[in-house]
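A.B. asks: with the sequence up front, the predicted model follows.
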There are 2 protein chains.
Amino acid sequence: MKIAIFEDNQKFRESLEFLIVTSGDMELCGSFEDTNRLLQRIEALMPDVVLMDIHLPGKNGIDAVKEIKEHFPAINVCMQTVFEDDDKIFASLCNGASGYILKNTAPEKVLQAIREVADGGSFFTPSVARRVLNNFQQQPHPGEFTQLTDREREILKFLVEGMSYKIIADKTFISYETVHSHIKKIYEKLHVNSKSEAVAKAIKRRLV
Amino acid sequence: MKIAIFEDNQKFRESLEFLIVTSGDMELCGSFEDTNRLLQRIEALMPDVVLMDIHLPGKNGIDAVKEIKEHFPAINVCMQTVFEDDDKIFASLCNGASGYILKNTAPEKVLQAIREVADGGSFFTPSVARRVLNNFQQQPHPGEFTQLTDREREILKFLVEGMSYKIIADKTFISYETVHSHIKKIYEKLHVNSKSEAVAKAIKRRLV
DNA sequence: CCGGATATCCCCTGAATTGGTGATTGTTTC
DNA sequence: GAAACAATCACCAATTCAGGGGATATCCGG
């Protein structure tokens, strides 16, 4: 299992190197303090897992992940950084990182994270996992959808699928005008006044 | 740290009980094979963490989480189950679970998960973490959005915000007819033929 | 039995959207 | 230098939507 490191802090980089080479099952195939010639380096080394810092000379780690995943989707990247804010976490994950651990993570946990990531799994520091989860849960404002009747919810779903009044009328065996009525009611309850707004709200509040 | 268990398989429940009582830092405050009188039990015991199975006599574990979190938001719940399908995972997490581990998880990892969850963090089995992550990333079909030009993307965003052609024209300082043109092009590229479909696709493929 | 909520249907009008078929001007690319 | 693309604008016809009126029928709780 080949590991590459991108980390600008020399002390920290050296301790990571030590951790890898003494791990027993990993091979350190590269260790860099910047992201210069990123793709050439990656291509030459073809690591299984990349440990990536965020603050780096050259392009930052978040953009680096994107590039790596674009060109080498099979390589799994694990972020390792001091940053714990939603922006950086989500940007990294959206760009394709498979793991996200903080720098205060215990050495054996770091190795564990690398192994999981290499194995196609994911590993988050608990506090990061919590943030991901919170974003995931994003409770619908209680009482903004519950107030929709079953029929209204059903019709809203059809709207989300992009159907016209007429098609919905056919699908549900009710008249065009009834669809119209329901939708008027939906708009009123959701405080919107067009199909696209209703669709946007429905999806964002996870009705789909 | 008080732990309560809900698990219908007797063997498995007993091994969990053993694990907890021998952990050193945890106290087993309750262990049940069904969800009857769920809230009364919880209220009487006030555990810090609940280990919850999904398949249970009485109401299932997913609904149970919802009830617990509604009435006792401070209690953290960790699912422990054999199910690894997106539906059950996401339903549990949306209902407020803080962790999700599979039944084949090593004992020490289970304890670790409980500790993390009690601490306000989250813990996922790596394969579950991966699913959460995938849902989070929702890869845009490569080349379905990348093919949109900057201008088109910009206009698509306005559509998602629910704006009309006219408003978009004003916002972008171009004519109504140009907006019309761009939108025609967008529909063509996304293979849709209405605002709401475009909006749905844009949101689902994470353009927002 | 009444009021309220839900589901169904109808009409009308003005506004917005959609789908064609153009055209012009740059820029980039081969 | 031609071809391809992006961005801009225009006109027209058909369709769809949005918002405003109404009207029944049912069911449910008090």
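C.D. replies: Right, received. Where do you want to start?
A.B. asks: got the domain ranges for chain A?
C.D. replies: With domains defined by automatic domain parsing, chain A comprises A:2-126, A:139-205.
A.B. asks: TSV please, covering these and showing mean pLDDT, distance to B:P126 and mean neighbour count.
C.D. replies: Using the backbone N, CA and C atoms, a C-beta is placed for each residue, glycine as well. What follows is those, written out as TSV (pLDDT from 0 to 100; distance: least, CB to CB, whole Å; neighbours: other CB atoms under 10 Å in any protein chain shown):
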stretch	mean pLDDT	distance to B:P126	mean neighbour count
domain A:2-126	92	3	19
domain A:139-205	88	26	16
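A.B. asks: okay if I get those domains as JSON lines plus distance to B:N193?
C.D. replies: Output for the domains of chain A, formatted as JSON lines (distance: least, CB to CB, whole Å):
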{"stretch": "domain A:2-126", "distance to B:N193": "29"}
{"stretch": "domain A:139-205", "distance to B:N193": "8"}
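A.B. asks: DNA strand C contacts on chain A?
C.D. replies: Residues of chain A lying close to DNA strand C by CB under 7 Å from any atom of the strand are A:149-152, A:172, A:174-178, A:180-182, A:194.
A.B. asks: near chain B, which of the residues you listed show up?
C.D. replies: Among the residues of chain A next to DNA strand C, the ones lying near chain B by CB under 8 Å from any CB of the partner chain are A:S194.
A.B. asks: now, the most widely separated pair of the residues of chain A next to DNA strand C?
C.D. replies: Greatest spatial distance among the residues of chain A next to DNA strand C (CB to CB): A:D150 and A:S194, at 23.1 Å.
A.B. asks: where do the strands of chain A begin and end?
C.D. replies: Here chain A has its strands, by DSSP state E, at A:2-6, A:27-32, A:49-52, A:76-81, A:99-102, A:123-124.
A.B. asks: of those strands, which is nearest B:I62?
C.D. replies: That would be strand A:123-124 among these, by CB to CB, at 22.3 Å.
A.B. asks: do that closest one and chain B come into contact?
C.D. replies: Yes. Contact of strand A:123-124 with chain B (CB under 8 Å from any CB) involves A:123-124.
A.B. asks: which residues are in contact with the nearest residue to A:S164 once chain neighbours are set aside?
C.D. replies: Setting aside the residues directly before and after it, A:S164 is nearest to B:S194 in space (CB to CB, 6 or more residues apart in numbering or on different chains), at 7.4 Å. Contact analysis of B:S194 by CB atoms under 8 Å, 6 or more residues apart in numbering or on different chains lists A:162, A:164, A:195, B:187.
A.B. asks: what do you get for A:A202?
C.D. replies: A:156-157, A:159-160, A:190, A:208.
A.B. asks: which of these fall within helices?
C.D. replies: Under the assignment DSSP state H, those contribute A:156-157, A:159-160, A:190 to helices.
A.B. asks: phi, psi for A:A97 please.
C.D. replies: Taking degrees, to the nearest 10, you get phi -70, psi 140 for the backbone angles of A:A97.
A.B. asks: can you add distance to B:P47 and give the residues of chain A next to DNA strand C back as JSON lines?
C.D. replies: Output for these, formatted as JSON lines (distance: CB to CB, whole Å):
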{"residue": "A:T149", "distance to B:P47": "37"}
{"residue": "A:D150", "distance to B:P47": "36"}
{"residue": "A:R151", "distance to B:P47": "41"}
{"residue": "A:E152", "distance to B:P47": "39"}
{"residue": "A:T172", "distance to B:P47": "46"}
{"residue": "A:I174", "distance to B:P47": "49"}
{"residue": "A:S175", "distance to B:P47": "54"}
{"residue": "A:Y176", "distance to B:P47": "54"}
{"residue": "A:E177", "distance to B:P47": "54"}
{"residue": "A:T178", "distance to B:P47": "50"}
{"residue": "A:H180", "distance to B:P47": "51"}
{"residue": "A:S181", "distance to B:P47": "49"}
{"residue": "A:H182", "distance to B:P47": "44"}
{"residue": "A:S194", "distance to B:P47": "48"}
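A.B. asks: need the residues of chain A near chain B, please.
C.D. replies: Residues of chain A lying close to chain B (CB under 8 Å from any CB) are A:90, A:93-94, A:96, A:98, A:116, A:119-127, A:129-130, A:132-133, A:135-137, A:159-162, A:164, A:192, A:194-200, A:203-204, A:206, A:208.
A.B. asks: among those residues, which ones lie close to DNA strand D?
C.D. replies: Answer for the residues of chain A next to chain B near DNA strand D (CB under 7 Å from any atom of the strand): A:164, A:194-195.
A.B. asks: just the residues you listed now: which is nearest DNA strand C?
C.D. replies: Distance ranking of these against DNA strand C, using CB to the nearest atom of the strand, places A:S194 first at 6.6 Å.
A.B. asks: now that closest one: how far from A:H182?
C.D. replies: According to CB to CB, to the nearest Å, A:S194 and A:H182 sit 15 Å apart.
A.B. asks: and for A:R115?
C.D. replies: Counting by CB to CB, the gap from A:R115 to A:H182 is 53 Å.
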